[in-house]
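Task: produce atomic coordinates for the following.
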Amino acid sequence: MNEPQSPSHRVAYAVTHDDPPQVLIAVNESVLTRLVALEVVAKTHPDEVGHHLGAIRAALLEERWDEVVATWIEATGTSVDAFPDEVVWAEADLDSERTALELRVALIFEDHADGG
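You can find the predicted model right below:
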């Protein structure tokens with residue numbers, strides 16, 4: 001399916017692999033990294049990061065967001081999947097006419113090798 005071309009239809013998001021998982025959504029990758037630093041890393045109890053505490057605190061105060069997140073991941077063992085440029089679909093992007101057209105040419109409707 002073709003994606004909408006408007007830049008206003010794009011976001012960045014991250015999912016943490018902790019319990020429970022956290023989903024964070026931002027307008028772009030730069031904001032997303034700061035958001036993860038603020039909403040995930042900065043809210044971590046100091047005991048959870050062990051000897052990485054000083055490095056994380058320094059990186060936070062110096063606004064080195066990528067380093068903050070990478071060090072936190074190393075310290076906690078909690079992975080974070082980040083998707084820096086994803087489409088947000090709106091009703092106008094998937095109106096009935098477009099949906100009907102896209103379905104007719106979708107892979108699921110191609111002939112299968114066994115005669116399907």
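
Which elements pack onto the lengthiest helix in the chain?
For the chain, the helix that runs over the most residues, judged by DSSP state H, is helix 65-76. For helix 65-76, the packing partners by 3 or more CB pairs under 8 Å, 6 or more residues apart in numbering; DSSP states H and E come out as helix 29-36, helix 53-61. Backbone N, C-alpha and C define where each C-beta goes, glycine included.

and of those, who's closest to residue 81?
helix 29-36 (11.0 Å; CB to CB).

List the buried residues of the closest one.
Across helix 29-36, burial judged by 16 or more other CB atoms under 10 Å covers 29, 32, 33, 35, 36.

Export those as a markdown table, with columns for pLDDT and distance to residue 105.
Shown next, in a markdown table, are the buried residues of helix 29-36 (pLDDT from 0 to 100; distance: CB to CB, whole Å):
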| residue | pLDDT | distance to residue 105 |
| --- | --- | --- |
| 29 | 96 | 32 |
| 32 | 98 | 33 |
| 33 | 98 | 38 |
| 35 | 98 | 38 |
| 36 | 98 | 38 |
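
out of those residues, who's nearest residue 73?
For those, the nearest to residue 73 is residue 36 (9.8 Å; CB to CB).

show me the contacts for that closest one.
The neighbours of residue 36, taking CB atoms under 8 Å, 6 or more residues apart in numbering as the test, are 14, 16, 24, 65, 69, 80, 82.

For those, which two are the farthest from each other?
16 and 65 (15.4 Å).

Once you drop chain neighbours, what's closest to residue 16?
residue 22 (4.4 Å; CB to CB, 6 or more residues apart in numbering).
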